[in-house]
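1. My questions are about this predicted structure, shown below with the sequence.
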Amino acid sequence: MILEMKVPSPGESIKEVEIATWLVKNGDYVEKDQAIAEVDSDKATLELPAEASGIITLKAEEGDAVAVGAVVCLIDTSAAKPSGDAPKVEVKVEAPKVEEKKVEAPKAAPAPEKTYAAQAPSPAARKILDEKNIQPSDIVGTGKGGRITKEDAMNAVPSMGTPTGGNRGSERTKLSMLRRKVAERLVSAKNETAMLTTFNEVDMTNIYALRDQYKEEFKAKHGLGLGFMSFFTKAVTRALQLYPDVNSMIDGQEKISYDFCDISVAVSGPKGLMVPVMRNAETLSFRGVEAEIKRLALRARDGQITVDEMTGGTFTISNGGVFGSMLSTPIINPPQSGILGMHNVVERAIVRNGQIVIAPVMYVALSYDHRIIDGRESVGFLVAVKEALENPVEILMGGNAKKALEL
């Protein structure tokens, strides 16, 4: 029996996927539920499991875009599993033979002689070449008598310079569907929102002290590291409840406000940037936040993240500091209206109680959509985050760190 395997629907809004990688070859024997391919949608990379055991015949190539419901491979379920020493069955499809005909190539017309007179550009072409900083002598004109036309100037590409003898290779690769969608969304965010960024700095002394005091006990009891993200998530959810406009979105001529905080966390996966969502983060404890972030990060790293886990989110936190970023203007994750950018922690001189001291300081940035969030709300939100992070026991832990950390 020949089973036709079709592309399952990864999500309601997804109509097409791309074959990123075949994990098996034509003629391989596959087991039921074995991962046979990785497919890219515009939201995530998913594994395609075999629906039955048998000999597989591939019907699509890597890089092919295929519609949801299209047949991508055949599985011969009646084929016996080969023994360990048996050779694999190879499925060969012979292309029809085409009779070769010798065609004499036409003789190329002699190239026009490059003289200054023949190369003289038209006034419009001259202007374009000057803007591109290209010399007329570097172009062969297609106009009458070899004259450089406006079209020649528009199509001209600046020289890459004089080679110095080193390696000058290049490679052209197709962007994955996920990367293309990310690029599209980023451009959309820049073009369709009134994005503005406000900055502040956070003295991380008290958070460092808490982590040094409790991280070993926290890890021993919960099996989790006590990182910055739990403190930042708790500070953000508190600030979102104080300034609900930052937790809102624009839909046409209406504003949608949420009484819950679904926090998107930007993580770097093997296929690029992914933004899985912590649902109802305002209800999570420190242990709950750390456990959920670890779970989502591992699933993103292993390519197991689902579309449902990537969909939604009312606000985003992005930690560029793990890569060493000192300061940045993060781009809003549409249709959200705000994103908080974390950065690296560096010892800096600050004034505390009238004295200059050295302290671990992080710069934080809030990018927001000015169409829906005013300066008062954006600045107030970021100040609320700063206050909570600089006074974590009092503001985030109810005055009892051990109880908040469930120790």
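-> Structure's in. What do you need? Owing to the predicted nature of the structure, the values given are computational and were not obtained by experimental measurement. Numbers count the residues shown, from 1 in each chain.

2. what's the first-to-last distance across stretch 263-282?
-> 9 Å (CA to CA, to the nearest Å).

3. Could you tell me the per-residue confidence at the closest residue to residue 11 other than its chain neighbours?
-> Closest residue to residue 11 apart from its sequence neighbours, by CB to CB, 6 or more residues apart in numbering: residue 307 at 3.9 Å. In short, each C-beta sits where N, CA and C put it, glycine included. Note for residue 307: predicted pLDDT of 76.

4. mind listing what residue 307 touches?
-> Residue 307 is in contact with 10-11, 14, 41, 43-44, 46, counting by CB atoms under 8 Å, 6 or more residues apart in numbering.

5. which of the residues you listed count as buried?
-> 10-11, 14, 41, 43-44, 46 (16 or more other CB atoms under 10 Å).

6. mind listing what's buried in stretch 224-244?
-> 224, 226-240, 242-243.

7. Going along the chain, name the strands of the stretch 51-200 of the chain.
-> Per DSSP state E, counting those that start in this stretch, the stretch 51-200 of the chain carries strands over the ranges 54-58, 65-67, 71-76, 195-203.

8. Now the weakest link among those, please, by mean pLDDT.
-> strand 65-67 (a mean of 87).

9. Now tell me what touches it from outside.
-> Contacts of strand 65-67 (CB under 8 Å, 6+ apart): 7, 15-19, 60, 72, 177.

10. ok, now stretch 1-8?
-> Applying CB under 8 Å, 6+ apart, the set of residues contacting stretch 1-8 is 17, 39, 48, 50-52, 54, 66-78.

11. List only those of those flagged as buried.
-> 17, 39, 48, 50-51, 54, 66, 70, 72-76.

12. and which of those is nearest to residue 249?
-> Nearest to residue 249 among the buried ones among the contacts of stretch 1-8: residue 17, at 27.4 Å, using CB to CB.

13. What distance do you get for the closest one to residue 69?
-> Residue 17 is 11 Å from residue 69, where distance means CB to CB, to the nearest Å.

14. Buried ones from the contacts of strand 65-67, can you make that a PyMOL selection?
-> Only the buried entries of these go into this PyMOL selection, using 16+ other CB under 10 Å:
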select buried, resi 7+17+18+19+60+72+177
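
15. Just the ones of the contacts of strand 65-67 in helices?
-> residue 177 (DSSP state H).

16. so where's the stretch 51-200 of the chain uncertain?
-> Scanning the stretch 51-200 of the chain for pLDDT under 70 picks out 84-119, 159-165.

17. Make TSV out of the buried ones among the contacts of residue 307 and add secondary structure and pLDDT.
-> What follows is those, written out as TSV (DSSP: H, G, I helix; E, B strand; the rest coil; pLDDT from 0 to 100):
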residue	secondary structure	pLDDT
10	coil	75
11	coil	70
14	coil	77
41	coil	78
43	coil	67
44	coil	70
46	strand	78
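
18. Pipe these into CSV and attach distance to residue 204 per row.
-> Below are the buried ones among the contacts of residue 307 laid out as CSV (distance: CB to CB, whole Å):
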residue, distance to residue 204
10, 40
11, 39
14, 41
41, 38
43, 34
44, 33
46, 38
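
19. Could you pull up phi and psi at the residue lying closest to residue 241 once chain neighbours are set aside?
-> The spatially closest residue to residue 241, leaving aside those adjacent along the chain, is residue 282, at 6.9 Å (CB to CB, 6+ apart). Main-chain torsions, residue 282, degrees, to the nearest 10: phi -70, psi -20.

20. how far away is residue 282 from residue 240?
-> For residue 282, the distance to residue 240 - CB to CB - is 8 Å.

21. can you tell me which helix or strand residue 230 belongs to?
-> According to DSSP states H and E, residue 230 maps onto helix 228-242.

22. elements contacting the strand ranked longest in the chain?
-> Looking across the chain with DSSP state E, the single longest strand is strand 355-369. Where contact means 3 or more CB pairs under 8 Å, 6 or more residues apart in numbering; DSSP states H and E, strand 355-369 is packed against strand 195-203, helix 205-222, strand 338-342, strand 345-352, helix 375-390.

23. Could you export those to CSV, including columns for mean neighbour count and distance to residue 396?
-> Output for the helices and strands packed on strand 355-369, formatted as CSV (neighbours: other CB atoms under 10 Å; distance: least, CB to CB, whole Å):
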stretch, mean neighbour count, distance to residue 396
strand 195-203, 17, 13
helix 205-222, 15, 10
strand 338-342, 25, 15
strand 345-352, 12, 18
helix 375-390, 18, 5
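
24. I figured residue 241 hits residue 260, correct?
-> No. Using CB atoms under 8 Å as the test, residue 241 is too far from residue 260 to be in contact (9.9 Å).

25. Would you enumerate the residues in contact with the nearest residue in space to residue 277 that is not next to it in sequence?
-> Nearest non-adjacent residue to residue 277, counting by CB to CB, 6+ apart: residue 313, 4.5 Å away. Applying CB under 8 Å, 6+ apart, we find residue 313 in contact with 262-264, 275, 277, 333, 336.

26. Show me which of those is closest to residue 389.
-> Nearest to residue 389, judged by CB to CB, of these is residue 263 at 15.6 Å.

27. bridging residues for the closest one?
-> Beta-bridge pairing of residue 263 under DSSP bridges involves residue 278, residue 315.

28. List the buried residues in the host helix or strand of residue 287.
-> Assigned by DSSP H and E, residue 287 falls within helix 286-301. Buried residues in helix 286-301, counted by 16+ other CB under 10 Å: 286-293, 296-297, 299-300.

29. would you turn those into CSV with pLDDT and distance to residue 187?
-> Formatted as CSV, the buried residues of helix 286-301 follow (pLDDT from 0 to 100; distance: CB to CB, whole Å):
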residue, pLDDT, distance to residue 187
286, 96, 37
287, 96, 39
288, 96, 35
289, 96, 32
290, 95, 34
291, 95, 35
292, 95, 30
293, 92, 28
296, 90, 26
297, 85, 27
299, 86, 27
300, 81, 23
